[in-house]
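*Asks:* sequence and predicted structure below; questions after.
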Number of protein chains: 2
Amino acid sequence: MAKQTPRYHAIADDLRNQINRGELTPGRKLPTEEELTTHYAVSRNTVRLALGRLTEEGLLVSAQGRGSFVRERYEPAVWNWSVLESRSVHEANHTAGDQWASQIAGNGQTPHQEVKVSIRRPPAEVARQLNLDSATALTVVRERVRYVDREPYALADSYFPEALVRDTPLMLPEDVSAPGGVLASAGLIQVRFSDEITVRMPTRDEIERLVLPASTPVAVHMRTGYDKDGQPLRVMITTLPGDRHVIRYDVSAD
Amino acid sequence: MAKQTPRYHAIADDLRNQINRGELTPGRKLPTEEELTTHYAVSRNTVRLALGRLTEEGLLVSAQGRGSFVRERYEPAVWNWSVLESRSVHEANHTAGDQWASQIAGNGQTPHQEVKVSIRRPPAEVARQLNLDSATALTVVRERVRYVDREPYALADSYFPEALVRDTPLMLPEDVSAPGGVLASAGLIQVRFSDEITVRMPTRDEIERLVLPASTPVAVHMRTGYDKDGQPLRVMITTLPGDRHVIRYDVSAD
DNA sequence: AAGTGGTCTAGACCACTAA
DNA sequence: TAGTGGTCTAGACCACTTT
C-alpha cells in the first residue's frame, strides 16, 4: 500500500511548493523541459504533464521558443457596480457619459473602447430578461471591447428592445456620451438594476478577443435595467477576465 | 500559407461543433479514445490532447474505466447578496439564524453545514480589511462547508477580531442560530457591507473539499461587515464553484 | 544557428468499472 | 474478464525566439 501518486503529480507538487515558498517568484523562468527531464529522471511527456497541471491551476504560463514562467499577477481593475451607473454619482462628479471611462481615467490609466452596433434577434437569456419573444423580437445590440492602456480588459454587450430605441442616437455607432449614458440620451431612465454574476471558463472566441492566458476563467456580469414602472429597458452583459478584475458592491444591511 | 492548425485543434473543433449542434447532448458518452484514434487516423496521444482541450473549456468530463462524457449542467443555486443578511428581510420572514439555510430550505432542498471554530492569526488580506496588524492580532475563525442535498456547495470562512468576540457564544463550535446571525448573538450589529468578488482557478485543496470536476473555476466572495461607526466587525470569505452558483444583487440607480 | 516549447507517433502497462 | 481511461516511455520533427 505504497505510492500510487503519479509521478507527474509529485513533480507538479514539488514545483508548486517552490513557487509557494517563494523560491520561484512571479515572472521567473523555470528550468527547461529538458533540464526537468534529467532532474526528475522521467520522460519529457511526463514533465509536460506536470507543467500542464500547474498551468491549469493558473500558476504558469509558457511561451514557445522562450520557456515556461511563473505567472505574474495583473494589477486588478476594481469596478464598483453599486455606483457604476448611479445618477447622483454622475452629478456629484460632473461626469458625463461613460462612468466606466471616468473611473479608469481617474486611476491615471487610459481607457478606450471599440463599439459595434447592430440589430439582431436576442439570445434566449436576454429575451427572457427583457420580456421579449425570442423568436420574433428584435434588439439593438451595442458590442464593445473595453481597453485599459491599449490592453483588452472586458467585453460589454448591451441589448435594447428595438421598439424602444427606434430613431434615437442609440442607433449611431459613435460612442454616445450623454449624461446618464446612452439610454438617457434616448429619453429612457433606469431607476433600478438587477445583476447576476456567473463564473465559467471562456469560449475560444473570448480567449482570442481578450487575449487570455491559459486557464483564465471569466466572470459574466449580466445587468438588467428597469424604469420606474418596472419595465426592462436594457440588458448589459460584461465579460470580465478573472486575472484583471475585482467586482465590488456596497450593501446596506437594513 | 496553408493549414498550420494542429490536428488536435481540428479534432477538438469537430467534437465541439457536434456538442454545440446538439448531436452530442449533455450526459452522453463520447466514442472511446480508441474509436476516435481510428476515426481521425491519429495516435491516441493526439486524441487525448483534443479531449484535454475540451475538458479545459469545461465541455467534457472523463471517468477512468467508464469513458468521456459531455458535461451536464448543475441547477445553479441563486444567492441574492443584497438581502442575504438584511435585518428587515429577517424580520419580515420571521427567519432566525442562518439566512442561507432558509433560502435553501425555501427551495425544497436540504441544507446543512459543518462548522469548525478556531483562533488564529488572520491572512494578510483579512487583517487589512479588519484594520488589524497581521503580525500580532488574533481572529476567531469559523470555517464552514455548506452542503445542499448532501453535496458540497460552498466554503464559507468567517473571521472576527478576537478582542471583539471574546467570551461570546461565537466561540462555541455549534451552529449558532440567533436572529441576525452569529454576530448579533454577540451584541454586534452590522449596518453595512463591502463586497469584493474575484474569479480564479481553485487550489488543489479546494478541488478536494468541494469535489470539483476538472476546469471548474470559483468565485471568491469577500464580505466585510461594519457597524454604525464604520468599524469592521467581520470578514466572510465564501468560495463558490462556478458550475453551481449564481451571485445576485439588486441595485438602485439613484 | 542554437535553444526551447509545440505537435505527433507507436507502443506498453496500470487502475478502475462493468458485465 | 473485457473494456476504458490514466500514466509513462523514447524518439522525431516543427515553429518560434534569441544570439
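*Replies:* Cool, the structure landed.
*Asks:* who are the contact partners of the closest residue to chain B within the stretch 1-150 of chain A?
*Replies:* In the stretch 1-150 of chain A, the residue that lies nearest chain B is A:Gly58 (4.4 Å; C-beta to the nearest C-beta). (Each C-beta comes from the backbone N, C-alpha and C, glycine too.) Contact analysis of A:Gly58 by C-beta atoms under 8 Å, 6 or more residues apart in numbering or on different chains lists A:71, A:215-216, A:243, B:200-201.
*Asks:* likewise for A:Gly242?
*Replies:* Applying C-beta under 8 Å, 6+ apart, the residues near A:Gly242 are A:199, A:216-219, B:198-200, B:217.
*Asks:* repeat for A:Ala41
*Replies:* With contacts taken as C-beta under 8 Å, 6+ apart, A:Ala41 has no neighbouring residues.
*Asks:* need phi/psi at it.
*Replies:* Dihedral pair for A:Ala41: phi 60, psi 50, per degrees, to the nearest 10.
*Asks:* tell me the pLDDT at it?
*Replies:* A:Ala41 carries a pLDDT value of 96.
*Asks:* ok, now how distant is it from DNA strand C?
*Replies:* According to C-beta to the nearest atom of the strand, to the nearest Å, A:Ala41 stands 16 Å off from DNA strand C.
*Asks:* what bridges to A:Ala156?
*Replies:* On the basis of DSSP bridges, A:Ala156 is bridged to A:Arg144, A:Thr238.
*Asks:* I'd say it and A:Tyr147 touch.
*Replies:* No - here A:Ala156 lies out of contact with A:Tyr147, judged by C-beta atoms under 8 Å, at a distance of 11.4 Å.
*Asks:* same drill for these two, tell me which one is more crowded.
*Replies:* Neighbour count, other C-beta atoms under 10 Å in any protein chain shown: between A:Ala156 and A:Tyr147, A:Ala156 has more, with 20 against 17.
*Asks:* what's near enough to touch the more buried one?
*Replies:* A:Ala156 sits in contact with A:100, A:113, A:143-144, A:146, A:236-239, where contact means C-beta under 8 Å, 6+ apart.
*Asks:* got the residues of the stretch 51-200 of chain A near DNA strand C?
*Replies:* Residues of the stretch 51-200 of chain A found near DNA strand C (C-beta under 7 Å from any atom of the strand) are A:62-68.
*Asks:* so how do I select the buried members of those in ChimeraX?
*Replies:* Of these, the buried ones can be selected in ChimeraX as follows, counting by 16 or more other C-beta atoms under 10 Å in any protein chain shown:
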select /A:62,68
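*Asks:* could I get the residues of the stretch 51-200 of chain A next to DNA strand C as TSV with distance to A:Pro123?
*Replies:* TSV is the format used below for those (distance: C-beta to C-beta, whole Å):
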residue	distance to A:Pro123
A:Ser62	35
A:Ala63	35
A:Gln64	36
A:Gly65	40
A:Arg66	39
A:Gly67	41
A:Ser68	38
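*Asks:* strands - which of the residues of the stretch 51-200 of chain A next to DNA strand C land there?
*Replies:* Mapping these onto strands (DSSP state E) picks out A:62-63, A:67-68.
*Asks:* before we move on, back to that, from the residues of the stretch 51-200 of chain A next to DNA strand C, pick the one nearest B:Val78.
*Replies:* Nearest to B:Val78 out of those is A:Ser62 (C-beta to C-beta; 37.7 Å).
*Asks:* tell me where the stretch 101-250 of chain A has helices.
*Replies:* A:124-129, A:162-165, A:181-185, A:204-210 (DSSP state H, counting those that start in this stretch).
*Asks:* single out the most deeply packed of these.
*Replies:* Ranked by mean neighbour count, the helices of the stretch 101-250 of chain A are led by helix A:181-185 with a mean of 21 (mean count of other C-beta atoms under 10 Å in any protein chain shown).
*Asks:* just so I know, which of the helices of the stretch 101-250 of chain A lies nearest A:Pro232?
*Replies:* A:Pro232 sits nearest to helix A:124-129 of all those, at 6.0 Å, using C-beta to C-beta.
*Asks:* so what's A:Thr239 up against?
*Replies:* Taking C-beta under 8 Å, 6+ apart, we find A:Thr239 in contact with A:154-156, A:202, A:206, A:210, A:218-221.
*Asks:* go on, A:Arg53?
*Replies:* A:Arg53 touches A:8-9, A:12, counting by C-beta under 8 Å, 6+ apart.
*Asks:* ok, now with 7 Å
*Replies:* Counting by C-beta atoms under 7 Å, 6 or more residues apart in numbering or on different chains, A:Arg53 touches A:8, A:12.
*Asks:* where does it land in three-state SS?
*Replies:* helix (DSSP: H, G, I helix; E, B strand; the rest coil).
*Asks:* OK, now which residue of the stretch 1-150 of chain A is nearest to DNA strand D?
*Replies:* Closest to DNA strand D within the stretch 1-150 of chain A is A:Gly65: 2.5 Å, counting by C-beta to the nearest atom of the strand.
*Asks:* you'd agree A:Asp157 is up against A:Arg234?
*Replies:* No - the criterion here is C-beta atoms under 7 Å, and A:Asp157 misses it with A:Arg234 at 10.9 Å.
*Asks:* still on that earlier bit, could you tell me the least trusted of the helices of the stretch 101-250 of chain A?
*Replies:* Mean pLDDT is lowest for helix A:181-185 among the helices of the stretch 101-250 of chain A, at a mean of 65.
*Asks:* up against chain B, what does chain A have?
*Replies:* By C-beta under 7 Å from any C-beta of the partner chain, the residues of chain A that approach chain B are A:56-58, A:81-82, A:85-88, A:190-201, A:215, A:217-219, A:242, A:246-254.
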